[in-house]
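**Student:** Here you go, sequence then predicted model.
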Amino acid sequence: MRRMLPTGRRARATAGMTFLALAASVAAGPAAMAGGDDLGPAIKAIMAKPAYRHAQWGVLEVDPTRRETIHSQFPNQGFIPGSDTKLVTISSAWHTLGPDHRFTTPVYSVGTLSGSTLTGNLALVAQGDLTMGGRTKPDGSVDYTDIDHTDANDLPGATLTPEDPLAGLDMIAQQVRAAGITHVDGDVVIDPRIFTPPPLDPQPTPLIINDNLIDLLTTPSAAGQPAQLMWRPQVAPYTVTSTVQTVAAGGTTNISVSASPDGTHITVSGTIAADAQPVLRTSGIQDPNAFGRTALIEALGRAGVTVTAAPTGANPQNLLPAAYTGDPKVAAYVSPPYSQYAKLILKVSHNLGANLALCNMAVSQGSTNCFDAFPVEQAFLRDVAHVDPAQFQLDDGRGGDATERATPNGLAGILAYWLRTPDAVAFRNSLPILGVDGSNASTCTACPAKGKVFAKPGTVVGQDLLNNGLSIADQSQAGYLITDDGRTLIFVVMVNGAAASDIQGVVDVFNDSNEISALLQQQASRRHWHDEDD
C-alpha cells in the first residue's frame, strides 16, 4: 500500500509490428480497438461496495497478440495515478541510462602525498547512487523486503535487509588504504555538485546513505522491562535514547519517534507488547553531506587511515577544487547495474529512488537541475514508447500528488512498449508479483492467480476531516496478466474517490484492487481455453 499522507500535506520480448500497432492503437483510444465492457458479476460486486459509492473506476485490458480490447471503461480519462507514476519515471530512466549503467563514485586525493601521508584533502564526488552498497548482496543484486524500511513510519510490518548500510564507504576506505595512504593531514569533503537537490518529498540528494534514514528496531523483552533497541547506521554525532517499555502480552504496542531540529538526537518512546513482533521506525538524516563525511572518516579509521580534521561538523564544501585535473583517484565505489535499482524502486514503491531517477536523467543530459528530466521523459514517451505525453500530467518522479494525472491508455501504452524490447522479461519481473513479492505480496497468497499477475500498485490516501474518515484519492494496479496457458495480457485498473472510515478500510480497498486483478487473470484464462476449444 502506498502512501498514507498526514494532515496538511499535499496528496502528492519479441519485437514486431504487432506490438508497434498495439502501442499506436492503445494511444488512439477505444475507437481504434474493439472490445467489451462486461466485467462479470464478481468484479461488478466489488465495484458496487459502499466504499466506491462516489468513486470513478477506469479499466483497460488488452490482448497484445490479438490486438484485442477485452475490457475498456473510461480508458482516456485522466485518473490520479499514485505510484503508477513510477512506470513513467522508471521506464524513462531505464531507457535513458541503460539497464547496465553503473554509478561510479570516486574519491580524489587533493594535495601532496609524501610517503603514506596526504597533506591535503580527500574528496568524495557524489554521483546520485541510490544505495552506495547498503543493499548489495554477494551476487551483486540489490536486496529488498516486501515492506521497505522507508515505509516503516507509515505501514506496519516493515523489515530491514541484512546488508550493512555503510558497506560502500567501508569499501572506499579500504581502497584508500590500499593506495598507500595511512594519514590525511587535512580533511575529508563530500562533493555534492553533480545536481541541486530539488524541492521534492522525499528529497533526493547526491550522496545517499541508508536512504538518508536512521533505522530504529524495537524488540520486546519481559513485561515490565525496558524494550531492546537496535539502531543503524551508528555514526557520530547521532545518538538514540529509548524509553520504550514492554507491557504484558496482548497489550498496546505504540511506538513514536522524535528528534532534535538537526536530527542528531533521537528519542524512541512508547510501549510494545511482550508477544509483539519487533517494530521498525526511522528518523531522517537532515544533512546527508555532513553525515556522509563523518561516516567516511569513521570508515577510514576502521581501515587504518587517520584524519587530522575533526570527524563531526559541517561538510567543508569550500575546500573543494574547481576541478580534479591532475588529482589522482585513490578509490571508487561502483554500483550494481541500474536495472537492479529499477527493480528495487518498482518492487517496493521506493519513493526516494523514483525522485532520484529524475536527477539521474537530468545529469545524463549534462544538467544539475533535476526538473530538466521532464523533457527527457516527454521525448521518451513521444519518440520511443510512442505514447502521447498529453495522457500524463506529472510533477515528480514518485507519484502521490493529487494534481497528477494518467490515463489507463497512457499506462497501457508504456506496458505495450516494454513488450517489444529485449528487456521485456526483466521489466515484468521488476514489478510486484501478486501473492509472491513486493508491494502485492500480502494478498492472494493462495488464490489461483498467485504468481500470474505482475503489476505496479498506486495509492494516494489523505484525511477526510469533514466526515472523520480517510479519502482514497487513488488505488490502482497496472501491469501484466499471465494466463494459465501462458499468454501475456496488459491491464490497468484505477479507482479515484473511494472512502474509508479507518486504515483497515484502506487496506480493504487495496485488497479489492488485487482481487480484481486476480479475477481478470482467471477470466482471461477461462476465455482463452474456451477460444482454443472452439
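**Tutor:** Thanks, I have the structure now. Numbers count the residues shown, from 1 in each chain.
**Student:** Please give the element, helix or strand, for Ala173.
**Tutor:** helix 167-178 (DSSP states H and E).
**Student:** Kindly provide the whole-number mean pLDDT of that helix.
**Tutor:** For helix 167-178, the mean pLDDT works out to 98.
**Student:** how about it: buried residues?
**Tutor:** Neighbour counts using 16 or more other Cβ atoms under 10 Å place Ala167, Gly168, Leu169, Asp170, Met171, Ile172, Ala173, Gln174, Gln175, Val176, Arg177 of helix 167-178 among the buried residues. All C-beta atoms are positioned from the backbone trio N, CA, C, and that covers glycine.
**Student:** so which of those comes closest to Ser283?
**Tutor:** Distance to Ser283 across the buried residues of helix 167-178 (Cβ to Cβ) is lowest for Leu169, with 19.7 Å.
**Student:** Report the contact partners of the closest one.
**Tutor:** Counting by Cβ atoms under 8 Å, 6 or more residues apart in numbering, Leu169 makes contact with Met132, Gly133, Ile209, Gly292, Ala295, Leu296, Ala299, Tyr333.
**Student:** one step back: I'd like the distance from the helix holding Ala173 to the chain centre, please.
**Tutor:** 27 Å (Cα atoms, centre = their mean, to the nearest Å).
**Student:** Which strands and helices lie in contact with the lengthiest helix in the chain?
**Tutor:** Longest helix in the chain, counting residues (DSSP state H): helix 503-533. Judged by 3 or more Cβ pairs under 8 Å, 6 or more residues apart in numbering; DSSP states H and E, helix 503-533 is in contact with helix 41-47, strand 68-73, strand 453-464, strand 469-482, strand 488-496, strand 498-500.
**Student:** tell me the angle it makes with strand 453-464.
**Tutor:** Interaxial angle, helix 503-533 versus strand 453-464 (axes from the mean of the first three to the mean of the last three Cα atoms, to 10 degrees): 150 degrees.
**Student:** which of the buried residues of helix 167-178 lies closest to Ile414?
**Tutor:** Once Cβ to Cβ is applied, the member of those that ends up nearest Ile414 is Gly168, at 31.8 Å.
**Student:** and the closest one, what is it in contact with?
**Tutor:** Per Cβ under 8 Å, 6+ apart, neighbours of Gly168: Thr105, Asp129, Thr131, Met132, Gly133, Gly134, Thr136, Tyr333.
**Student:** what about the helices in the stretch 51-200 of the chain?
**Tutor:** In the stretch 51-200 of the chain, the helices defined using DSSP state H, counting those that start in this stretch lie at 85-97, 167-178.
**Student:** how much space between the closest residue to Gly111 other than its chain neighbours and Phe491?
**Tutor:** Distance criterion Cβ to Cβ, 6 or more residues apart in numbering; nearest residue to Gly111, sequence neighbours excluded, is Gly120 at 1.3 Å. Distance of Gly120 to Phe491, computed by Cβ to Cβ, to the nearest Å: 58 Å.
**Student:** Looking at those two, which is more packed in?
**Tutor:** Between Gly120 and Phe491, Phe491 has the larger neighbour count (other Cβ atoms under 10 Å), namely 26 against 19.
**Student:** any weak-confidence spans in the stretch 401-534 of the chain?
**Tutor:** 528-534 (pLDDT under 70).
**Student:** quick one: stretch 83-97 to chain centroid distance?
**Tutor:** 11 Å.
**Student:** Extract the C-alpha set from that stretch and format it as CSV.
**Tutor:** What follows is stretch 83-97, C-alpha atoms only, in CSV (Å, rounded to 0.1, in the frame of the first residue of the first chain):
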residue,chain,number,x,y,z
SER,A,83,2.7,5.3,-7.6
ASP,A,84,1.8,4.2,-11.1
THR,A,85,3.7,7.4,-11.9
LYS,A,86,6.8,5.3,-11.3
LEU,A,87,6.0,3.3,-14.5
VAL,A,88,6.7,6.5,-16.5
THR,A,89,9.7,7.6,-14.4
ILE,A,90,11.5,4.3,-14.3
SER,A,91,10.7,3.3,-17.9
SER,A,92,12.2,6.6,-19.0
ALA,A,93,15.3,6.3,-16.7
TRP,A,94,15.8,2.6,-17.7
HIS,A,95,15.9,3.7,-21.4
THR,A,96,17.9,6.9,-20.8
LEU,A,97,20.6,5.5,-18.6
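**Student:** So for it, mean pLDDT?
**Tutor:** Mean predicted confidence for stretch 83-97 is 98.
**Student:** Next: stretch 152-163.
**Tutor:** Averaged across stretch 152-163, pLDDT comes to 96.
**Student:** And the contacts of it?
**Tutor:** 1, 3-4, 133-137, 143-149, 151, 215, 217, 257, 277, 280-282.
**Student:** again, only this time at 7 Å
**Tutor:** Contacts with stretch 152-163, where a contact means Cβ atoms under 7 Å, 6 or more residues apart in numbering, come from 1, 3-4, 134-137, 143-145, 147-149, 151, 215, 217, 280-282.
**Student:** for that stretch, which positions count as buried?
**Tutor:** Ala152, Asn153, Leu155, Ala158, Leu160, Thr161, Glu163.
**Student:** same deal with stretch 503-520?
**Tutor:** Residues of stretch 503-520 classed as buried by neighbour count (16+ other Cβ under 10 Å): 505-507, 509-520.
**Student:** Can you tell me the centre-most residue of the chain?
**Tutor:** For the chain, His350 is the residue whose C-alpha lies nearest the centre (Cα atoms, centre = their mean; 1.3 Å).
**Student:** any idea which helix or strand carries the nearest residue to it once chain neighbours are set aside?
**Tutor:** Excluding the flanking residues, the one nearest His350 by Cβ to Cβ, 6+ apart is Leu344, at 5.6 Å. Here Leu344, judged by DSSP H and E, is contained in helix 338-348.
**Student:** What is the subsequent helix or strand relative to that helix?
**Tutor:** helix 351-364.
**Student:** Show me what counts as buried in stretch 400-418.
**Tutor:** 400-402, 404-418.
**Student:** And stretch 222-240, by the same measure?
**Tutor:** For stretch 222-240, the neighbour count (16+ other Cβ under 10 Å) marks Ala227, Trp231, Arg232, Pro233, Val235, Tyr238, Val240 as buried.
**Student:** So the third one sits against Leu216, correct?
**Tutor:** No: with the criterion set as Cβ atoms under 7 Å, Arg232 and Leu216 do not qualify as a contacting pair; they are 8.8 Å apart.
**Student:** pretty sure Ser471 is touching Asp464, no?
**Tutor:** Yes: using Cβ under 7 Å, Ser471 makes contact with Asp464 at a distance of 4.3 Å.
**Student:** what is in contact with those two at once?
**Tutor:** Counting by Cβ under 7 Å, 6+ apart, the residues touching both Ser471 and Asp464 are Ala499.
**Student:** between those two, which one's more packed in?
**Tutor:** Per other Cβ under 10 Å, whichever of Ser471 and Asp464 has more neighbours is Ser471, with 20 against 14.
**Student:** and that one, how far is that from Gly462?
**Tutor:** As for Ser471, its distance to Gly462 is 5 Å (criterion: Cβ to Cβ).
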